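# Pasting a predicted model and its sequence here:
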Amino acid sequence: MISTSVKNISELPEIAKQILSFARMNNENGQFQDKKIFCFYGELGAGKTTLIKELCKQLGVTDAGSSPTFALVNEYRTTVPFLKAEKNQNSPLWVEGIIFHLDLYRLQSEAEIYDIGYEDYIFSGNYCFIEWPEKMEHLLPSDAVRIKIEVKNSARVISIL
């Protein structure tokens with residue numbers, strides 16, 4: 001587990017870079033990994049959406065991100081394409097950079113998760129940031145990056161689990 005305390009919003013760019021770097025580092029077998037599913041845990045107002053906006057900015061999104069609480073899913077386009085390895089190709093493929101931002105706060109049942117077509121987002125190979133992942137925990141890939149944000153006094157403690 002990696003944990004850091006953030007006292008000022010100006011620290012978020014560096015935190016976002018650390019999170020993305022963690023998701024791209026070598027695994028225990030020394031192989032490169034590129035995890036793209038990020039789950040954000042924390043109470044209302046903890047800063048999940050704010051951190052996601054900064055992660056999107058680091059990934060080249062130029063439009064202003066917002067919480068998709070009412071839409072459930074926002075789609076952002078990046079200025080930088082992502083490298084995507086295809087199973088039946090010997091060489092990697094560059095694809096358009098699309099980032100999905102899901103906010104599951106309003107969902108009342110598991111059926112609603114299926115109704116929004118979660119598989120299209122989770123298994124797309126694109127970056128996917130999920131707020132309130134508790135609503136679909138058992139449907140998430142085991143290797144998803146889990147980030148917990150806790151409010152402690154005037155700071156936020158951000159932990160990568």
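Great, that's in hand. Numbering: from 1, shown residues only.
# for stretch 114-134, the distance to its chain's centre please.
Offset of stretch 114-134 from its chain centre (Cα atoms, centre = their mean, to the nearest Å): 10 Å.
# Do me a favour and average the pLDDT over it.
Here stretch 114-134 scores 93 as its mean pLDDT.
# quick one: contacts of the longest strand along the chain?
Counting by DSSP state E, the longest strand found in the chain is strand 145-152. Here strand 145-152 makes contact (Cβ atoms under 8 Å, 6 or more residues apart in numbering) with 5, 19, 22-23, 35, 37-43, 45-48, 51, 133, 156-161. Every residue, glycine included, has its C-beta placed from N, CA and C.
# at 10 Å what do you get?
With Cβ atoms under 10 Å, 6 or more residues apart in numbering as the test, strand 145-152 has contacts from 1-3, 5-6, 15, 19-20, 22-23, 35-43, 45-48, 50-52, 55, 129-130, 133, 137, 140, 156-161.
# if I look at the residue nearest to Ala23 when sequence neighbours are not counted, how far off is Met25?
Of all residues not flanking Ala23 in the chain, Lys35 sits nearest, at 4.2 Å (Cβ to Cβ, 6 or more residues apart in numbering). To Met25, Lys35 is 9 Å away according to Cβ to Cβ, to the nearest Å.
# And Gln108, by the same measure?
Using Cβ to Cβ, Gln108 is found at 37 Å from Met25.
# Those two - which one has more neighbours?
For Gln108 versus Met25, neighbours defined as other Cβ atoms under 10 Å are more numerous around Met25 (11 against 7).
# quick check: angle from whichever helix in the chain runs longest to strand 145-152?
Longest helix of the chain, by residue count under DSSP state H: helix 12-24. Helix 12-24 and strand 145-152 meet at an angle of 150 degrees, taking axes from the mean of the first three to the mean of the last three Cα atoms, to 10 degrees as the criterion.
# I'd like to know how many residues surround the spatially closest residue to Val73 that is not a sequence neighbour.
Ranked by Cβ to Cβ, 6+ apart and with sequence neighbours excluded, the top spatial neighbour of Val73 is Leu102, at 5.2 Å. Using other Cβ under 10 Å, the number of residues around Leu102 comes to 26.
# the strands in the protein, which residues?
Here the chain has its strands, by DSSP E, at 2-6, 37-41, 73-77, 82-84, 93-95, 98-103, 127-131, 145-152, 155-160.
# And for the first one, what's in contact with it?
I take that to be strand 2-6. 11-12, 14-15, 18-19, 22, 47, 51, 147-150, 152-153, 155-161.
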